[in-house]
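[1] Got a predicted structure here, sequence first:
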Amino acid sequence: MGMVQMGSCMDYVAVEEDLLTVIPESLSFEEAGAAPTVALTAWQALFEHDRLQPGQLILVQAGAGGVGHAAVQMAKQHGAYVIATARDYNHDFVKGLGEVFNYTKVDFATQITDPVDIVLDSAMDQSTFGTGVPGEIGKKNYSVIKDGGTYISVVAFGKVWMK
Ligand SMILES: NC(=O)c1ccc[n+]([C@@H]2O[C@H](COP(=O)([O-])OP(=O)(O)OC[C@H]3O[C@@H](n4cnc5c(N)ncnc54)[C@H](OP(=O)(O)O)[C@@H]3O)[C@@H](O)[C@H]2O)c1
């Protein structure tokens, strides 16, 4: 399994060897097809674009989405305290890993009282998608980040270092 830049939905594709790894026995073929892109995106965000530390507080927007569910698990396994947003039907999954808010019912920015070290935004918010600028979620994300914290978006605009 692996991740290619473009054009992986084909019968055959040429890929550099170092972009591939052996599928673990614990993964089905379908899971192995779905996992690398979201998992590598989450990994790069948390550990390459930033360096998530054990004990840090991280807010994952869309914690049950493709990128988000990988990020939530990686952050938890790394010893971070996780807050996530997701709708109710996704709460069972995220709740076991951290605190979760339904973004359709509560304003996360008013619920989060401790300053957040990192926000990873993977929300498919229709009002911001493809615009290249943060919308309401973006503004609220900034409001919960502590001084010197990090805002990483995989949605429509790049990483912005705070202060
Ligand atoms: N997939 C990748 O490998 C990858 C790589 C790089 C970048 N991206 C980008 O990252 C973004 C997410 O991709 P994805 O594959 O993770 O998408 P996805 O699986 O569709 O998940 C997106 C989630 O966004 C949540 N959402 C929608 N509106 C929201 C809001 N207002 N506040 C909080 N959450 C909200 C929904 O959560 P609920 O279901 O709980 O409502 C939805 O499940 C996209 O813009 C994509 O282009 C993805």
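    That came in fine, so what should we check first?

[2] check contacts around the residue in the chain that the ligand sits nearest to.
    Proximity of the chain to the ligand (C-beta to the nearest ligand atom) peaks at Gly65, 2.3 Å away. (Glycine included, C-beta is placed from N, CA and C.) Residues near Gly65 by C-beta atoms under 8 Å, 6 or more residues apart in numbering: 86, 122-124.

[3] where along the protein do the helices fall?
    Counting by DSSP state H, the chain has helices at residues 29-43, 66-77, 91-95, 108-111, 136-144.

[4] most tightly surrounded among those helices?
    For the helices of the chain, average neighbour numbers computed from mean count of other C-beta atoms under 10 Å are highest in helix 66-77, which has a mean of 23.

[5] Show residues contacting that one.
    Here helix 66-77 has contacts from 34-35, 37-39, 41-43, 45-47, 52, 58, 60-64, 82, 84, 86, 93-94, 97-98, 120, 122-123, 154, using C-beta under 8 Å, 6+ apart.

[6] spatially speaking, which residue is in the middle of this structure?
    Gly68 (3.5 Å; C-alpha atoms, centre = their mean).

[7] How about that one: what's its closest non-neighbour residue?
    Ala62 (4.1 Å; C-beta to C-beta, 6 or more residues apart in numbering).

[8] isn't that neighbour right next to Val119, touching?
    No: using C-beta atoms under 8 Å, Ala62 makes no contact with Val119, being 11.5 Å away.
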